[in-house]
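Q: What follows is a predicted protein model with its sequence.
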Amino acid sequence: MRLSLTHTIRAETMEILRQNKLTTVFGNPGSNELPFLQDFPEDFQYILGLHEGAVISMADGFAQASGNAAFVNLHAASGSGNAMGGLTNAAYSHSPLVITAGQQVRSMVGLEAMLANMDAPSLPQPLVKWSAEPLCAEDVPRTISQAVHISQLPAKGPVYVSIPYDDWDKTSPSEARHLAGRTTTAAQALSAEQARELIDELDSATNPVIVLGPEVDADYANDFAVTLADKLAAPVWIAPSASRCPFPTRHRSFRGVLPASIKDISEILHDHDVVLVVGAPVFRYHQYVPGAYLKDGTRILHVTSDAGEAARAPMGNSYVASVRGTLQTLAEAVNQTIREPLPELPEFAEPAASTFDAIHPEAVFEELRITAPADTVYVKESTSTSAAFWQQMDLKQQGSYFFPASGGLGFGLPATVGAQLAHKDRRVIGIIGDGSANYGITALWTAAQYNIPCIFLIMKNGTYGALRGFSKLLGTGETPGLDVPGLDFAQIASGYGVAAESVSTREALRAALLKALESQKPALIEIHTQFES
């Protein structure tokens, strides 16, 4: 309840954030940010990260796991630059981040004083939906309100606001009081004619296939996707580089994650006449393996909330609409096929044998499936073990898997912290490669200081496994910089205040995992794993 209609810019902004449930602030402050943090409200929580790359990825994990926007406060241009690597992942995972950065006082910006950002709105482009620097202090609350709403309207994504630090103590205009109570609601529904087109296409398909992306999981539309797959008796693939898993991995339709090359996708989809792509681009390619996009006669139907994704697709008919609403319409209206149901998936394969001093990744993931709670949330940044992960895991619940959408390293460790901060009733386990762990290692300190009870599994094989795979694909042979020997993550974690141990047998892994699960504190397990070239 407000006691006065007179507020500072700071107080008005805090009220806007409070009413929009943005009371957790992820940041690493510099001098420009201290005036914003002055008189920090008691009902807010400040989560300090030791590097802006970790800060942005913690907020990314928090936003994806909570389903709400996350608020980030960075230090001027330098801190924003440090965060740009993590911002690539947030942009492609459609994470609604409201990113603010302190600017020099207004009278000093033109002089290019230290910590002045000469073109602040341009700095984070093109990795944000929208960026701004208010033209006057009185417009700061309205600009923050606009940023909050833009971040969460389709397609969701990060936004950026630069704020001169002498603005915060100025008086907010009286009309700004309307901002805190504002709401914006998206209602992109298909027209009856558009819905009929999609339904008729699917009903008339002889061999349809479904490709699902992260928006399905983010919009809580997983159950509708399952119903639709059952009615069509259609196999389901996860879109390449998807940041989330929108479909239960032991359902009879599940086929895994599409490879990220033109030729491989074309071969997998070759026998299907209709391809329904929902909540993902068409398609996110990575390695260059050329070929025909699709065989002649195959039709792509594409549903996304992102107009940019729709516009840049090289093929297919795209519908820019609510992913959840469209899937619900299709699940309810598509006819039950007369085709035979797909057979049940086979039992899990026996993991490959481990050596005397290292555990095979398949055995690691089988142990997780057996020992960890069924509702565990996994944050994965061990790219060379992806195939083994999907072979062994049983993910049933919505929001059980997060992955760096743009492939930018440094997401895994801090996103694990952010996801656990968002989840009070589910344990979060980060599966991190020993190469990628170094990009976000400072997140261990945050986990320790705030007693965030996530579990970090470091898959230690001494090499950049994904790079070695690419060296084969590209025919580059043995190049410099492929190995990372001499790392002791148990000691590093202990230095940051996280309990840690190193294991090299499955029995030791099970004991360490049970110990970590019983604890209500963060823990790190360094796992000596095999690398198979």
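A: Arrived safely. Numbers count the residues shown, from 1 in each chain.

Q: longest helix in this protein, by residue count?
A: helix 76-92 (DSSP state H).

Q: I'd like the next helix or strand past it.
A: strand 97-103 (DSSP states H and E).

Q: tell me what that following strand is packed against?
A: In terms of contacts (3 or more CB pairs under 8 Å, 6 or more residues apart in numbering; DSSP states H and E), strand 97-103 is packed against helix 34-37, helix 52-66, strand 70-74, helix 76-92, helix 140-152, strand 159-164. All C-beta spots, glycine's among them, are computed from the backbone N, C-alpha and C.

Q: Which among those is found nearest to Y496?
A: The closest of those to Y496 is helix 52-66. By CB to CB, the value is 11.5 Å.

Q: how distant is that closest one from the center of its chain?
A: 8 Å (CA atoms, centre = their mean, to the nearest Å).

Q: So which bits of it are buried?
A: Across helix 52-66, burial judged by 16 or more other CB atoms under 10 Å covers 52-66.

Q: Go ahead and confirm S502 touches F489.
A: Yes: shown here, S502 and F489 form a contact pair, counting by CB atoms under 8 Å, at 7.5 Å.

Q: Quickly list what's touching both of those two.
A: K460, E526 (CB atoms under 8 Å, 6 or more residues apart in numbering).

Q: So which of these two has more stuff around it?
A: Counted by other CB atoms under 10 Å, S502 and F489 do not tie: F489 has more neighbours, with 24 against 18.

Q: if we can go back for a sec, quick one, which of the helices and strands packed on strand 97-103 is packed in tightest?
A: Mean neighbours per residue, mean count of other CB atoms under 10 Å, is largest over the helices and strands packed on strand 97-103 for helix 52-66, with a mean of 30.

Q: so it versus strand 70-74, what angle?
A: 170 degrees (axes from the mean of the first three to the mean of the last three CA atoms, to 10 degrees).

Q: mean confidence for helix 52-66?
A: Averaged over helix 52-66, pLDDT sits at 97.

Q: same thing with stretch 304-315?
A: Stretch 304-315 shows a mean pLDDT of 94.

Q: Just the endpoints, please. Distance across it?
A: End-to-end distance of stretch 304-315 (CA to CA, to the nearest Å): 14 Å.

Q: Go through it and flag the buried ones.
A: T304, S305, D306, E309, A310, A313.

Q: Arrange these in JSON lines, one row each, with secondary structure and distance to V282 as further columns.
A: JSON lines is the format used below for those (DSSP: H, G, I helix; E, B strand; the rest coil; distance: CB to CB, whole Å):
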{"residue": "T304", "secondary structure": "strand", "distance to V282": "9"}
{"residue": "S305", "secondary structure": "coil", "distance to V282": "14"}
{"residue": "D306", "secondary structure": "coil", "distance to V282": "11"}
{"residue": "E309", "secondary structure": "helix", "distance to V282": "8"}
{"residue": "A310", "secondary structure": "helix", "distance to V282": "9"}
{"residue": "A313", "secondary structure": "coil", "distance to V282": "4"}
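
Q: Between all of these, which two are at the greatest distance?
A: Farthest-apart pair in the buried residues of stretch 304-315 is S305 and A313; separation 13.9 Å (CB to CB).

Q: Tell me which residues are up against stretch 306-318.
A: Contacts for stretch 306-318 (CB under 8 Å, 6+ apart): 94, 154-155, 215, 275, 277, 280-282, 293-294, 299-304, 319-320.

Q: scratch that, stretch 518-528 is what I was asking about
A: Contacts of stretch 518-528 (CB under 8 Å, 6+ apart): 357-359, 364, 444, 447-448, 451-461, 488-490, 493, 498-504, 509, 512-513, 515-516.

Q: chain center to that stretch: distance?
A: With CA atoms, centre = their mean, you get 22 Å for stretch 518-528.

Q: what mean pLDDT would you report for that stretch?
A: Mean pLDDT, computed over stretch 518-528, is 96.

Q: next one: stretch 247-257
A: Mean predicted confidence for stretch 247-257 is 96.

Q: Between the two ends of that stretch, what distance do you get?
A: 11 Å.

Q: tell me the phi and psi of the nearest residue to P154 once chain neighbours are set aside?
A: Excluding its sequence neighbours, the residue lying closest to P154 (CB to CB, 6 or more residues apart in numbering) is S305, at 3.6 Å. Dihedral angles of S305 (phi, psi; degrees, to the nearest 10) stand at phi -90, psi 0.

Q: what about Y46, which helix or strand?
A: Counting by DSSP H and E, Y46 is part of strand 45-48.

Q: Next, the buried residues of that strand.
A: Applying 16+ other CB under 10 Å to strand 45-48 flags I47, L48 as buried.

Q: Would you give the sheet partners of that strand, along with the direction of each?
A: strand 24-27 (parallel) (DSSP bridges).

Q: Contacts made by the partner strand with the rest, please.
A: 33, 44-49, 55-56, 58-59, 62, 70-74, 418, 421.

Q: among the helices and strands of the chain, which has the poorest mean pLDDT?
A: Using mean pLDDT, DSSP states H and E, the weakest-scoring helix or strand in the chain turns out to be helix 465-474, at a mean of 68.

Q: what helices or strands is the helix or strand just after that helix leaning on?
A: Per DSSP H and E, the first helix or strand lying C-terminal to helix 465-474 is helix 489-496. When contacts are defined as 3+ CB pairs under 8 Å, 6+ apart, helix 489-496 packs onto helix 443-449, strand 455-460, strand 499-503, strand 523-528.

Q: Write the PyMOL selection for whichever of the contacts of stretch 518-528 are buried.
A: Applying 16+ other CB under 10 Å to the contacts of stretch 518-528, the buried members can be selected in PyMOL as follows:
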select buried, resi 358+359+364+444+447+448+452+453+454+455+456+457+458+459+460+461+489+490+493+498+499+500+501+502+503+504+509+512+513+516
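
Q: quick one: contacts for D357?
A: D357 makes contact with S504, H528 under the criterion CB under 8 Å, 6+ apart.

Q: so S318 is in which element?
A: Here S318 is assigned to strand 317-320, by DSSP H and E.

Q: Sheet-wise, list the partners of that strand with their directions.
A: Here, using DSSP bridges, strand 317-320 pairs with strand 299-304 (parallel).

Q: chain center to the partner strand, what's the gap?
A: That offset, for strand 299-304, works out to 23 Å (CA atoms, centre = their mean).

Q: hmm, back to that, got CSV for the buried residues of stretch 304-315, with distance to L524 too?
A: Output for these, formatted as CSV (distance: CB to CB, whole Å):
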residue, distance to L524
T304, 38
S305, 37
D306, 36
E309, 37
A310, 42
A313, 41
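
Q: related to what we said a few turns ago, what's the mean pLDDT across the longest helix of the chain?
A: The model assigns helix 76-92 a mean pLDDT of 95.

Q: With just CA atoms, put it into PDB.
A: Coordinates of each C-alpha in helix 76-92 appear next as PDB, following Å, rounded to 0.1, in the frame of the first residue of the first chain:
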ATOM      1  CA  ALA A  76      27.700  -0.300 -17.700                       C
ATOM      2  CA  ALA A  77      29.200  -1.300 -21.100                       C
ATOM      3  CA  SER A  78      32.000  -3.500 -19.700                       C
ATOM      4  CA  GLY A  79      29.700  -5.700 -17.600                       C
ATOM      5  CA  SER A  80      27.200  -5.900 -20.500                       C
ATOM      6  CA  GLY A  81      30.000  -7.000 -22.800                       C
ATOM      7  CA  ASN A  82      31.000  -9.700 -20.300                       C
ATOM      8  CA  ALA A  83      27.400 -11.000 -20.400                       C
ATOM      9  CA  MET A  84      27.100 -11.100 -24.200                       C
ATOM     10  CA  GLY A  85      28.200 -14.800 -24.500                       C
ATOM     11  CA  GLY A  86      25.400 -15.900 -22.200                       C
ATOM     12  CA  LEU A  87      23.000 -13.500 -23.900                       C
ATOM     13  CA  THR A  88      23.300 -15.500 -27.100                       C
ATOM     14  CA  ASN A  89      21.700 -18.500 -25.400                       C
ATOM     15  CA  ALA A  90      19.000 -16.400 -23.800                       C
ATOM     16  CA  ALA A  91      18.000 -14.900 -27.100                       C
ATOM     17  CA  TYR A  92      17.600 -18.300 -28.800                       C
END
